[in-house]
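**Student:** From the sequence below, what's the structure:
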Amino acid sequence: MEEGAKLLVLTDARRGAPLQARASDTAVVTDSASLGSMQAQFDAAVIDGLLEDEPWDRWVLQCVHRLLRMDAPIVVIVPPLLSLVSATDLRFLAYACRQVLRRLVLRWKPGFELPGPTHRRYHFAGLVRKMESAGYTAIEAGPGWPGSVRGASPPWLARRSMLMARKASSMPGVQGRGWPDAQAHRRRCAGQQAAKSAARRDAWLSTFPEFRGLTARALEPSEWRDARVLVLAPHPDDELIGCGGTLCRLLSAGAKVSILQATDGCKLESLRDLPEARRKTVRLEEAGRVASALRAGLVLWRQEDARLRCSRETIGELARLLDALRPTHVFTPFLGDMHADHRTLSYILGAALAIACPQPQVLQYEVWGLVPANLYCDITDQAETLEGLLLLYERAMQVENFVRFCERRNFARAVELTGRPAYVEAFLASTSAAYRRIAERNCSWEYGSP
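**Tutor:** Purely as a prediction, here's the structure:
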């Protein structure tokens, strides 16, 4: 490194103390929780002795990515999976057994947890994919991967192995990074979750065939200059996943935006280490930071996660909110979404529109289901802004890489709807009257009511 360059080192407490004493231009971090509050930019990073014991290791890599300058090098030193040393490490074997048992039990008991410390090992290809998903590129093995860092031990006796990479833009098409091949991208995205989403949409379209073959037109934010927008979010982060880039463009054009957070999101797996009372507030606090960053209004219902119900009380509360805000447009989850809370909130909207005075245009957005789109918004120039906002939802991002999730979906939708590389968010737009009819039919389809 050049003289005066700033180095970030993530390591355990035993290694960290002497490092901090020797180098004044080195920031030594022994607890990854402190990464979220750091603002300095670093010229290089080293991770050694911390990653394997982190419950959310990919999130740690993303936090470090945020703190590095573009093209800065990073060295990651981890214990390799394919080594006899790993096979004799009792802590690793206990961790591996817990993970295998958890995967087996999850088939019959969703949400099953086996508490215990993390002590993982890394396969080369898996670590490469994880780092690429966090925004690193030009990854290459250090001396003798999967050999030891010193290069003296053969691979099957290595205790530590090294990977080297550089920070790139975490999203294709941004800051000089090239766009992916469209067909290859579609093949990569055709996983189990995408197959479920497509199957759900096909089932929905079999009941609503009039929405097949729609032609999507581009949303023009300048036409929304004086719009009053209400966004219905079943859980904190859904508003960004479904229409975050669009909201950025509308706010820049002069629209006023309010966000309703319906539930507290307390069932998230990364909250399992917190007391129950704290689990009910963490994600709502994150939602407050996101709303402040967007300069949007925020309404909290504080309904319990996974227990949202379409009741007389929730319908009346949303109707009163519609009367108070008088929105011209409402964003709500797709009625064909796979998540029950998402569909329930949209049913509440349908019922509330029947008794509220305002009759706004309704735009159904995508989270865990793809809409039959008749409207889309190009958000390419907001991709980095959206990434920064998503990173504010730390607890959700620990569990799921929503930056990559949105990047993949929005690129695929751009190719499908516009025929060119870009990022777009897609919507099914309708009048209030049409939406009420769709919601009523959708409820009958889901619950089999006459």
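**Student:** Which helix or which strand is home to L10?
**Tutor:** Using DSSP states H and E, L10 maps to strand 7-11.
**Student:** ok, now which ones touch T26?
**Tutor:** 6-9, 19-20 (C-beta atoms under 8 Å, 6 or more residues apart in numbering). For glycine as for every other residue, the C-beta is placed from the backbone atoms N, C-alpha and C.
**Student:** closest to L82 among the residues you listed?
**Tutor:** V9 (26.5 Å; C-beta to C-beta).
**Student:** Can you verify my assumption that the closest one contacts G49?
**Tutor:** No - at 9.8 Å, V9 does not count as touching G49 under the criterion of C-beta atoms under 8 Å.
**Student:** Of the two, give the one with the bigger neighbour count.
**Tutor:** The neighbour comparison of V9 against G49 (other C-beta atoms under 10 Å) goes to V9, with 23 against 20.
**Student:** which residues touch the spatially most central residue of the chain?
**Tutor:** Centroid-nearest residue in the chain, with C-alpha atoms, centre = their mean: F402, separated by 1.8 Å. Going by C-beta under 8 Å, 6+ apart, F402 touches 237, 240-241, 390, 393, 396.
**Student:** cool, R320 as well?
**Tutor:** R320 touches nothing, counting by C-beta under 8 Å, 6+ apart.
**Student:** re earlier: what residues does the strand holding L10 touch?
**Tutor:** 1, 16, 19, 23, 25-30, 32, 42-51, 60, 64, 67-68.
**Student:** Now for the closest residue to T137 other than its chain neighbours, how many residues are close by?
**Tutor:** Of all residues not flanking T137 in the chain, A168 sits nearest, at 3.9 Å (C-beta to C-beta, 6 or more residues apart in numbering). The number of residues packed near A168 is 19, by other C-beta under 10 Å.
**Student:** got it, and D238?
**Tutor:** Neighbour tally, D238, other C-beta under 10 Å: 29.
**Student:** which residues touch it?
**Tutor:** Counted by C-beta under 8 Å, 6+ apart, D238 has contacts 333, 342, 367.
**Student:** how close does it sit to A396?
**Tutor:** 10 Å (C-beta to C-beta, to the nearest Å).
**Student:** ditto for I241
**Tutor:** From I241 to A396 the distance is 9 Å (C-beta to C-beta).
**Student:** what do you get for N410?
**Tutor:** Applying C-beta to C-beta to N410 and A396 gives a distance of 18 Å.
**Student:** Please apply the same query to W56.
**Tutor:** Counting by C-beta to C-beta, the gap from W56 to A396 is 11 Å.
**Student:** And R295, by the same measure?
**Tutor:** 22 Å.
**Student:** And F334, by the same measure?
**Tutor:** 19 Å.
**Student:** Which one's more surrounded, the two?
**Tutor:** Higher neighbour count among F334 and A396: F334, with 28 against 23, using other C-beta under 10 Å.
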